[in-house]
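> Here you go, sequence then predicted model.
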Amino acid sequence: MVNKRDCQGDQNDSELRKRRQTVNKRYYSKRMKNPIQRAKWNKYYLNYYHTKIKTDPYRMAKRSVQKKKYLEKAWEKVFEVYGRICACCGESNPGFLTIHHILNNGPIDRTSMGITNNGTPPNYLKKIALQHNNRKYEVLCWNCHFGMHHNDGVCPHKAQISRTY
């Protein structure tokens, strides 16, 4: 392990951190060759991760901010490729905009790209931005997108649909 004289202040923190990491790597690499010890360590680490790290409010808040920034960057890439206004009504507020699959094959498209969960993960948005040549997508506002799906593919702005209630 690290000697006390290493912590006296003659070295800066980054050098000390590097030394501790190398000592820890050597210590655990020697002892983790035994599968029983490795299983005990994995059990300990998973328990520590789920009780301390994953539930720490500071880490959770920091991770939430990081996810939000990452998602905003992914949306920016999509908007750079497909435009920043609704293709139907001209809405330009980014909070109202979303991606529409022109062929109405959203679930099939997501599974073909390996996206299994609901929502819009940033990796999926980046893949959409990279596929700008084949034009399978367009930017619509939520109103037009919802209206197209409930009016047989025709936006209510383009065709005045009368409803009887």
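Right, received. Where do you want to start? On a predicted model such as this, the values are computed, not experimentally measured, just so you know.
> where does the chain dip in pLDDT?
Applying pLDDT under 70 to the chain picks out residues 1-12, 21, 23-33, 53, 116-120, 134, 160-165.
> repeat that for 90
1-64, 66-68, 70-71, 74, 77-78, 81-83, 87-90, 94-95, 99-138, 147-165 (pLDDT under 90).
> Residue ranges of each domain in it, please.
The chain is divided into the following domains under automatic domain parsing: 12-55, 58-150.
> Tell me the secondary structure at residue 138.
strand (DSSP: H, G, I helix; E, B strand; the rest coil).
> my read: it touches residue 104, true?
No - taking Cβ atoms under 8 Å as the definition, residue 138 is not a contact partner of residue 104, at 11.8 Å. For glycine as for every other residue, the C-beta is placed from the backbone atoms N, C-alpha and C.
> Looking only at neighbour counts, state which of those two leads.
residue 138 (16 against 12; other Cβ atoms under 10 Å).
> Can you name the residues bridging to the more buried one?
Beta-bridge partners for residue 138, by DSSP bridges, are residue 100.
> residues in contact with it?
Residues near residue 138 by Cβ atoms under 8 Å, 6 or more residues apart in numbering: 82, 87, 99, 100, 102.
> Quick one: which of those residues is the most crowded by neighbours?
Counting by other Cβ under 10 Å, top hit in the contacts of residue 138: residue 100 with 22 neighbours.
> do you know how far residue 105 is from residue 34?
Counting by Cβ to Cβ, to the nearest Å, the gap from residue 105 to residue 34 is 51 Å.
> Also residue 132?
Distance from residue 132 to residue 34, counting by Cβ to Cβ: 52 Å.
> Have a look at the two and say which one is more surrounded.
Neighbour comparison, residue 132 and residue 34: the larger count goes to residue 132, with 14 against 11 (by other Cβ under 10 Å).
> Many thanks, we can stop here.
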